[in-house]
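Novice: Give the three-dimensional model of this entry:
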Amino acid sequence: MMNTSNERSSNEHLINLPSLTKLNDADGTFTNATVGSQKNDAHLETPSLDYTLKNHDTMLCDMQEDIQWNEQTWLPELSTNTNLLSNTSISNLSNYSFNTSLKELQQSSPKNTPLETAICDVDNQISVSQSKFLSFWHSDDLNCQKNDETTITDERKDDGTFYGLPNKVKMLLHKVRNITSLYDWQDECLKLESVANRQNLIYTLPTSGGKTLVSEILMLKEILCNKKNVIFVLPYVAIVQEKIQAMAPFALELEFLLEEYAGNKGRYPPVKRHRKNSIFICTIEKAANLMNSLVEYDRLHEIGLLVIDELHLIGEGGGRGATLERLLTELIYTNDSIQIVGMSATIGNLNEIATFLKADVYMKNFRPIQLKEYVKCENRIWLVDLHEKEIFTDEKKINYRYSETASKLDPDKIGGLVMDVVPNDSCLIFCSSRKNCENVAMLMTRVLFRSLTEYKVQEKDKLLNDLRAEDNLCPILSKTIKYGVAYHHSGLTTEERRILEDAYRDGTICVICCTTTLAAGVNLPARRVIIRSPYVGREFINLSRYKQMIGRAGRAGMGEIGESILICKSSEMPKIQTLLTSKMENCISNLNTDKDRGINNLIMSSVMLSLASTREKLRQLVSKSLLGIQSSRLGIKTSDITDLAIAELIKEKMLKVKTKPIVPGDTAVVIQSQIINTEIPKDLSTNVQNNERPIITRKKKNIFELSHLGKAAMKGCIDLQSACNLYDDLKTAQNHLVLINDLHILYLVTPYDLTNQFKPIGSVYYDVVTNLSSSAMVVARVLGINEVALTKLRDGVMPKNIESRVANRFYLTLILYDLWQRESLLTVSSKYQINRGAIQNLLTSAGSFAISIAKFCQELPEFWAFTDLFTQFNNKLNHYCSAELTVLMELPAVKVVGTSETTV
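Specialist: This next block holds a predicted model:
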């Protein structure tokens with residue numbers, strides 16, 4: 001229901017509208033019908049789905065036969081079921097009537113609403129307690145509808161400080177972020193006994209509840225009061241960079257340092273500071289490497305607090321979850337003086353995570369902005385109310401009068417849903433794939449009003465020029481930006497995404513068609529979120545991902561309400577109901593499934609750092625992990641898994657026994673077949689059977705150490721399989737290294753883990769290699785790629801005398817080689833039919849891998865000659881330039897523009 005102040009009398013459907021273009025049904029021509037007085041569409045009040053009119057006959061929203069809407073304004077027609085009251089609201093997006101002007105809307109917006117941002121943390125001594133839940137779960141509406149906790153407190157500690165911080169921090173919050181006080185839950189959380197005693201803490205709230213601000217206050221306390229450094233772990237490079245910018249004003253005013261550990265940035269160990277403390281803002285992988293370097297150099301005592309955002313990623317596959325679990329396991333096993341604070345909106349098994357981290361738990365279901373969830377199927381839309389037995393309530397029929405041709409192009413009426421809120425408010429459209437993002441963006445140019453092209457024309461022209469300056473402008477963006485529409489996915493370069501994100505924040509772009517990664521990535525809130533399909537690729541979305549997407553709808557400071565609309569087919573409605581009523585997914589350990597980044601890496605890291613070097617201690621270490629906590633539910637024994645991992649590492653010559661004496665009864669035997677077998681053996685101490693050669697692992701007093709190869713892999717942060725391949729490739733290069741050009745070195749720095757992400761196109765492969773210079777062809781032949789092999793590759797057949805990893809890797813090397821020859825990203829992208837973002841990621845990864853190879857070679861005396869070669873090569877890769885320009889490119893006033901220009 002709308003507020004009483006917004007209710008209208010029965011004759012108020014005669015609202016002020018500009019001239020409408022009406023289709024004459026008789027002859028198919030267009031006539032103009034003026035309703036009320038005309039008004040510039042840039043100042044129209046945003047309509048909402050819940051606006052219903054008593055007289056639907058006055059609603060005209062026809063679409064021209066050429067699919068393009070010319071109207072300067074537009075209204076939906078809504079028809080309700082007969083059993084519902086005619087004035088029942090479908091949505092209260094704007095909470096204002098159409099007659100309310102934009103100026104009134106802006107004046108009515110909350111002025112001092114705290115934004116979700118971050119500041120810093122901790123008190124004094126830490127005593128890790130056993131896991132316990134704090135009784136702060138409130139029975140707020142699960143849909144976050146009209147949360148009563150909108151009042152904000154301004155309480156200080158008894159000593160007159162701002163939660164133990166100087167009052168200057170409070171002034172900075174007001175000055176930089178317009179935050180004058182905290183929400184009740186934030187105040188309550190910061191006054192918890194566990195916070196005062198510096199105990200480990202996990203706190204969980206819905207997306208946009210203000211979690212990050214609490215962690216920032218804790219971090220600032222650690223830096224300013226306890227004089228200790230802080231590690232802040234974030235999931236993506238883009239978020240790390242965004243957080244660096246957000247906290248820079250505080251670092252300048254409060255005189256501490258921000259150090260970025262993401263992408264190619266980060267130094268191991270970090271520079272030791274004597275006058276200022278640092279907040280290390282890191283991705284998961286960089287944080288693990290940073291922690292290892294501090295342990296190795298006996299500097300872990302410099303850290304006082306570890307903060308993990310998106311803690312639920314500990315259950316993510318692909319190695320990232322296992323890496324985070326390894327980091328936390330080592331920290332818990334070795335150090336109880338560092339406070340661990342984790343935050344997340346989507347964890348189903350908080351009790352297990354809390355037990356693992358020995359943390360207290362604080363939970364609240366608070367959201368500062370009202371969020372209404374809808375499900376749309378065909379021309380009907382339902383409000384989601386999880387308190388009702390039938391969760392789909394308040395059914396309405398929504399009818400945007402599309403022409404027949406327009407309906408075929410846009411059967412889900414996405415254009416109508418978008419026009420509800422733009423251009424004065426923003427809209428995110430989540431799509432199932434990158435290609436779908438681009439298609440929907442182009443679709444919007446055919447169904448949105450042409451009048452949108454007249455909105456912020458100068459800003460859009462500047463945006464297009466900025467994109468052209470980075471590289472040749474994408475033809476899709478050149479069309480969509482005129483309508484205030486863009487797409488956003490990993491196919492764009494980092495610079496393009498940054499420019500589009502800034503344009504979205506300042507209102508130049510009001511619609512972004514994006515993949516689901518944006519929901520967990522950059523902070524881009526919207527007034528309305530449209531989920532184009534309940535699928536991510538071919539997989540049906542889970543509740544965690546759904547919550548992340550709808551969490552982008554409505555943010556503090558952006559109005560009083562947000563809406564999410566999930567579009568689905570009628571056949572998918574049962575699955576949607578199951579999704580919405582399901583429990584949040586549990587975070588399950590991947591330590592044993594992602595072995596090279598999981599348990600194998602944990603064992604090798606612990607042995608290298610002397611955290612655990614015997615079989616008994618390694619068993620104890622693994623038992624402290626999340627895998628150990630979940631061993632009962634997973635039906636495994638961590639002791640067996642540990643023994644198996646040790647045996648495998650010894651077999652791969654990554655691990656060896658330091659002490660040779662064997663104490664009788666102190667030996668475990670593992671047969672080779674058990675190493676290959678994916679099942680965990682029930683008895684690892686059984687006698688050797690089938691005459692298989694045993695591998696002996698020793699217990700108790702026998703100490704393990706890394707082999708030279710194992711230490712090189714750990715120092716270079718290279719997974720075990722890649723380390724073995726790299727060793728073989730470097731041995732080959734010792735005998736056949738081609739230095740008449742840079743192609744062979746580029747091949748050696750091409751990352752192994754990307755070879756499976758790009759499938760070579762046979763015809764392209766053939767054309768590129770046959771056009772190489774004679775000196776470059778020497779490299780191809782050294783790798784076994786000759787004319788005969790090329791012919792087979794062109795026909796899609798892998799030659800028998802070439803490993804697929806070599807052929808696929810050389811294909812990526814050719815892409816790097818073209819960039820090395822100063823070809824633009826757009827040219828290379830078109831040539832190899834690979835998107836620009838993927839090519840840029842390849843280039844960045846190659847630079848990082850070059851550093852890894854240099855560190856790898858430092859630990860192997862036989863490869864000493866390669867060390868300086870790869871160190872210098874990374875600098876050249878980073879700047880697309882020759883050695884003579886490398887020093888110049890390090891200057892802060894020098895900027896790389898695209899791939900072929902340098903400006904100062």
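Novice: list the contacts for the most centrally placed residue in the chain?
Specialist: Residue closest to the mean C-alpha point of the chain, counted by C-alpha atoms, centre = their mean, is residue 521 at 3.7 Å. Residue 521 sits next to 235, 236, 238, 239 when contact means C-beta atoms under 8 Å, 6 or more residues apart in numbering. All C-beta spots, glycine's among them, are computed from the backbone N, C-alpha and C.
Novice: these two touch, right, residue 396 and residue 379?
Specialist: No. Shown here, residue 396 and residue 379 do not form a contact pair, counting by C-beta atoms under 8 Å, at 9.6 Å.
Novice: which of those two has more neighbours?
Specialist: Between residue 396 and residue 379, counted using other C-beta atoms under 10 Å, the more crowded position is residue 396 (24 against 14).
Novice: So which of the contacts of residue 521 belong to strands?
Specialist: Assignment to strands by DSSP state E places none of the contacts of residue 521 there.
Novice: Same list (these) but as a markdown table, adding distance to residue 538.
Specialist: Compiled in a markdown table, the contacts of residue 521 are given as follows (distance: C-beta to C-beta, whole Å):
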| residue | distance to residue 538 |
| --- | --- |
| 235 | 23 |
| 236 | 23 |
| 238 | 26 |
| 239 | 27 |
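Novice: for the chain, which spans come out with low pLDDT?
Specialist: 1-160, 471, 556-559, 659-701, 878-904 (pLDDT under 70).
Novice: Could you break it into its assigned domains?
Specialist: Per automatic domain parsing, the structural domains of the chain span 132-363, 415-581, 599-706, 717-903.
Novice: can you tell which of those domains is closest to residue 389?
Specialist: domain 415-581 (10.4 Å; C-beta to C-beta).
Novice: roughly how far out does the closest one sit from the chain middle?
Specialist: Its chain's average C-alpha position is 16 Å from that of domain 415-581, according to C-alpha atoms, centre = their mean, to the nearest Å.
Novice: for residue 608, what are its contacts?
Specialist: Under the criterion of C-beta under 8 Å, 6+ apart, the contact list for residue 608 reads 292, 296, 706, 710, 711, 714.
Novice: give me the number of residues near residue 255?
Specialist: Residue neighbour count, defined by other C-beta under 10 Å, stands at 12 for residue 255.
Novice: who's in contact with it?
Specialist: Under the contact definition (C-beta under 8 Å, 6+ apart), the residues listed for residue 255 are residue 276.
Novice: residue contacts, residue 810?
Specialist: The contact partners of residue 810, by C-beta under 8 Å, 6+ apart, come to 747, 750, 780, 783, 785.
Novice: Kindly recompute the last result at 10 Å.
Specialist: Under the criterion of C-beta atoms under 10 Å, 6 or more residues apart in numbering, the contact partners of residue 810 comprise 743, 746-747, 750, 755, 760, 765, 769, 779-780, 783-785, 793, 802, 817.
Novice: just the buried members of these?
Specialist: Buried subset of those (neighbour count, 16 or more other C-beta atoms under 10 Å): 743, 746-747, 750, 755, 760, 765, 769, 779-780, 783, 785, 793, 802, 817.
Novice: Which of the residues you listed fall within strands?
Specialist: Among the buried ones among the contacts of residue 810, no member falls in strands (DSSP E).
Novice: Tell me the one of the residues you listed nearest residue 323?
Specialist: When the buried ones among the contacts of residue 810 are ranked by distance to residue 323 (C-beta to C-beta), residue 755 comes first, at 20.7 Å.
Novice: Test my guess that the closest one contacts residue 747.
Specialist: No. At 11.5 Å, residue 755 does not count as touching residue 747 under the criterion of C-beta atoms under 10 Å.
Novice: what touches both of the two?
Specialist: Common neighbours of residue 755 and residue 747 (C-beta under 10 Å, 6+ apart) are 806, 809, 810, 812.
Novice: any idea how far the residue nearest to residue 703 when sequence neighbours are not counted lies from residue 405?
Specialist: When the adjacent residues along the chain are set aside, residue 703 lies closest to residue 658, with 4.3 Å between them (C-beta to C-beta, 6 or more residues apart in numbering). Computed as C-beta to C-beta, to the nearest Å, the residue 658 to residue 405 distance reads 77 Å.
Novice: What of residue 395?
Specialist: Relative to residue 405, residue 395 is positioned 28 Å away (criterion: C-beta to C-beta).
Novice: Include neighbour count and secondary structure when you put the contacts of residue 608 into JSON lines, please.
Specialist: Formatted as JSON lines, the contacts of residue 608 follow (neighbours: other C-beta atoms under 10 Å; DSSP: H, G, I helix; E, B strand; the rest coil):
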{"residue": "292", "neighbour count": "24", "secondary structure": "helix"}
{"residue": "296", "neighbour count": "17", "secondary structure": "helix"}
{"residue": "706", "neighbour count": "23", "secondary structure": "strand"}
{"residue": "710", "neighbour count": "25", "secondary structure": "helix"}
{"residue": "711", "neighbour count": "19", "secondary structure": "helix"}
{"residue": "714", "neighbour count": "25", "secondary structure": "helix"}
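Novice: which one among the residues you listed gets closest to residue 501?
Specialist: Where these are concerned, and distances follow C-beta to C-beta, residue 501 has its nearest neighbour in residue 292, at 32.7 Å.
Novice: in stretch 175-190, what's buried?
Specialist: By neighbour count, and taking 16+ other C-beta under 10 Å as the criterion, the buried residues in stretch 175-190 are 176-177, 179, 181-190.
Novice: Tell me which of those fall in helices.
Specialist: Among these, DSSP state H puts 176, 177, 184, 185, 186, 187, 188, 189, 190 in helices.
Novice: Which two of those have the greatest separation?
Specialist: Of all pairs drawn from those, the one with the largest separation by C-beta to C-beta is 176 and 188; the distance is 24.0 Å.
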